[in-house]
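Enquirer: Model the structure of this input:
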Amino acid sequence: MNLKLILVFIAVFAAVTDSWRRRRRRRACHPANCQVSAWSSWSTCSVPCGTAGVQTRTRWVTVGASCGGSCPYSLSESQSCNNPGCHDHGVPLESSCSCYRGWTNICCDQRVYRPTISSSANEDHCYSHIEIDEPETSINYMADPSLPDVTFLCDDNFIGYQWYRFVSAAGGEMSTRDDLPEYACGTRYPLYMVGDHPTEINETISTSACNSRYNRPCFDEYDMEVKKCDGYFVYRLKSVYCPSAYCAGTERMCPEGQTSLTGFSPGCTDKYPRITSGPDIEISIVSKDYGGKYGKQMTPIFSCIFKSHGANDDKSRFEVRWYVDDTFVLLETLDDTGREDDPYISTMDQFKHPSVVGNEGFYSLGQTIRCSVTSFFLNTGVLSPEENSDDFFAGIVVHNRSVLIRENDDHPISIQFSSSVPIKCDSSVQEQKLQS
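Expert: Sure, this is the predicted structure:
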């Protein structure tokens, strides 16, 4: 009996063990990678225009990896965008555009129209007109189509039918030449006035402006009027199709390194006193007497220092201009010393002292100071190109403008600053502790 029970137990145990083994074999898994969703739409570009624009898109895991599988998929990706995005009206910067003339806004997508004036039919347009100061309209100014960023002048921004006067040093008369070459006057198809100018003062004539295209004279024609005033002409003009612009004047700007009385031909020359060093700005603190109850006060004085070449048979003169926050405030004229090693020094001491009531000065602390120098020989009067100093900020300069302060953090925060102005105390002023 006992033997039978033992044999039955062994048979049952073997059957159970075999069943468990079969179940274990069925449960064995294989590595499976994750599953991801489709890509989202691209995000908005990080900048509206320029070269640094980036946009991204994402996706997410819908089924995780199993049995030792992996998730080898990128969940985000980026691409450049809005490059250059200047609407062909400017040069792309990192996050904006540098607009060509006649266009504005961060991405050069807004047209700048010429100003208008209100005038009656009986008004004298010799005095009621809009001035155009654009030396590129000269017939001797040529646009270079080979340049990668070349833009052509285009007079498509006239509003209505207004009266204008060309006032640049290139000249004030519209050209009447009907053989103007392509790219003259800084445009592709230059416009000239048909016929001659009136000869009598206050005489007005109606005519037209034309350009030539595809070897066809007067391809585009626009109505216009011209009036002779005392010493100049005014023109009634309207907008034209691009790329075309009105031509006025015959002179052009002097080449780099040359100058003239007007900055334009004729008479361009490189014969002017040369600045060989500077101009540089230096600052000192002096005790200046303000009179009355104010007496002597410590005052910052600025000096503009430069050198020129040695003595010359032609005496020279220098004009030093002072600027405060880019606003012109003072002109000083210095005569030639005739000695090469002697520096020329112009000073500005009109300080707006905070302790002196009613003191009218040109500058105060916390402003940016700059000087410039031009020179000329007395026998010619031709003014040299302007030489500028570096900007000088007068005051306290904070070096780390951004600091991180955590709540309940008792560690001291260091703020670094320095003074660009020498700190000097009057001996009569006692030392005091700074109170916070």
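Enquirer: Looking at the record's assignment, how would you partition this structure?
Expert: Using automatic domain parsing, the domain ranges for the chain come out as 49-55+77-112, 116-246, 275-396.
Enquirer: The second one: end-to-end distance?
Expert: End-to-end distance for domain 116-246, by CA to CA, to the nearest Å: 18 Å.
Enquirer: what's the average pLDDT for it?
Expert: Averaged over domain 116-246, pLDDT sits at 89.
Enquirer: Near the nearest residue to Cys229 once chain neighbours are set aside, how many other residues are there?
Expert: Sequence neighbours aside, Cys126 is the residue nearest to Cys229 in space, at 3.7 Å (criterion: CB to CB, 6 or more residues apart in numbering). C-beta: built from backbone N, CA, C; applies to glycine. Using other CB atoms under 10 Å, Cys126 is surrounded by 18 other residues.
Enquirer: Please apply the same query to Phe377.
Expert: For Phe377, the neighbour count with other CB under 10 Å is 19.
Enquirer: correct me, but it touches Lys271?
Expert: Yes: between Phe377 and Lys271 a contact is recorded at 7.1 Å, counting by CB atoms under 8 Å.
Enquirer: hey, what's Phe393 bridged with?
Expert: Assessed by DSSP bridges, Phe393 has beta-bridge partners Thr368.
Enquirer: In JSON lines: the domains of the chain, plus distance to Trp42.
Expert: Below are the domains of the chain laid out as JSON lines (distance: least, CB to CB, whole Å):
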{"stretch": "domain 49-55+77-112", "distance to Trp42": "5"}
{"stretch": "domain 116-246", "distance to Trp42": "29"}
{"stretch": "domain 275-396", "distance to Trp42": "42"}
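Enquirer: quick one, which of those is nearest to Trp39?
Expert: Minimum separation from Trp39 across those (CB to CB) falls at domain 49-55+77-112, 8.0 Å.
Enquirer: Helix or strand: which one has the residue most central in space within the chain?
Expert: For the chain, the residue sitting closest to the mean C-alpha position, by CA atoms, centre = their mean, is Ser98 at 6.6 Å. Assigned by DSSP states H and E, Ser98 belongs to strand 97-99.
Enquirer: quick check, distance from that strand to the centre of its chain.
Expert: Computed by CA atoms, centre = their mean, to the nearest Å, the chain-centroid distance of strand 97-99 equals 8 Å.
Enquirer: what's that strand packed up against?
Expert: Applying 3 or more CB pairs under 8 Å, 6 or more residues apart in numbering; DSSP states H and E, one finds that strand 97-99 contacts strand 90-92.
Enquirer: Can you list the strands that the strand it packs on pairs with?
Expert: Looking at strand 90-92 with DSSP bridges, its partner strands are strand 97-99 (antiparallel).
Enquirer: Could you list the residues in contact with the strand it pairs with?
Expert: Strand 97-99 is contacted by residues 49-50, 84-86, 89-91, 105-108 when judged by CB atoms under 8 Å, 6 or more residues apart in numbering.
Enquirer: rewinding a little: the residue nearest to the centre of the chain and Ser80, how far apart?
Expert: In this view, Ser98 and Ser80 are 19 Å apart by CB to CB, to the nearest Å.
Enquirer: next one: Asp342
Expert: According to CB to CB, Asp342 stands 57 Å off from Ser80.
Enquirer: Looking at the domains of the chain, spot the one closest to Ser66.
Expert: domain 49-55+77-112 (25.5 Å).
Enquirer: For Ile205, which three-state class applies?
Expert: strand (DSSP: H, G, I helix; E, B strand; the rest coil).
Enquirer: host element of the residue nearest to it when sequence neighbours are not counted?
Expert: Among residues not flanking Ile205 along the chain, Pro198 sits closest, at 5.2 Å (CB to CB, 6+ apart). Under the criterion of DSSP H and E, Pro198 resides outside all helices and strands.
Enquirer: Relative to Thr207, how far out is Pro198?
Expert: From Pro198 across to Thr207, the span is 10 Å (CB to CB).
Enquirer: Now for those two: what residues contact both?
Expert: Listed as contacting both Pro198 and Thr207 by CB under 8 Å, 6+ apart are Val226.
Enquirer: follow-up on the earlier one: and which of the contacts of strand 97-99 is nearest to Arg213?
Expert: Using CB to CB, the contacts of strand 97-99 come closest to Arg213 at His89, 22.8 Å.
Enquirer: list the contacts for the closest one?
Expert: Going by CB under 8 Å, 6+ apart, His89 touches 97, 99-100, 102-103, 108-109, 151.
Enquirer: wait, which of those is closest to Ser364?
Expert: Comparing these against Ser364 with CB to CB places Cys99 closest, at 34.6 Å.
Enquirer: Please report how far the closest one lies from Asn83.
Expert: For Cys99, the distance to Asn83 equals 17 Å [CB to CB].
Enquirer: ok, those two, which is more surrounded?
Expert: Cys99 (21 against 15).
Enquirer: Any idea what that one is bridged to?
Expert: Beta-bridge pairing of Cys99 under DSSP bridges involves Gly90.
Enquirer: Next one: it relative to Pro273, how far apart?
Expert: Separation of Cys99 from Pro273 (CB to CB): 37 Å.
Enquirer: any idea what Glu136 is structurally, helix, strand or coil?
Expert: Glu136 falls in the helix class when you classify it by three-state DSSP.
Enquirer: dump the residue contacts of it.
Expert: Contacts for Glu136 (CB under 8 Å, 6+ apart) come out as 153, 170, 185-186.
Enquirer: 6 Å instead?
Expert: 153, 186 (CB atoms under 6 Å, 6 or more residues apart in numbering).
Enquirer: separation between it and Cys254?
Expert: According to CB to CB, Glu136 stands 14 Å off from Cys254.
Enquirer: re the thing from before, A strand includes the residue nearest to Cys229, no?
Expert: No: judged by three-state DSSP, Cys126 forms no part of a strand; its state is coil.
Enquirer: ok, Ser375 - contacts?
Expert: Residues near Ser375 by CB under 6 Å, 6+ apart: 272-273, 316, 318, 384.
Enquirer: longest strand anywhere in the chain?
Expert: If you go by DSSP state E, the chain has its longest strand at strand 275-289.
Enquirer: ok, now how distant is the residue nearest to Ile205 from Cys242?
Expert: 30 Å.
Enquirer: Kindly report the same for Arg370.
Expert: Taking CB to CB, one finds Arg370 at 39 Å from Cys242.
Enquirer: got it, and Val324?
Expert: For Val324 relative to Cys242 (CB to CB), the value is 41 Å.
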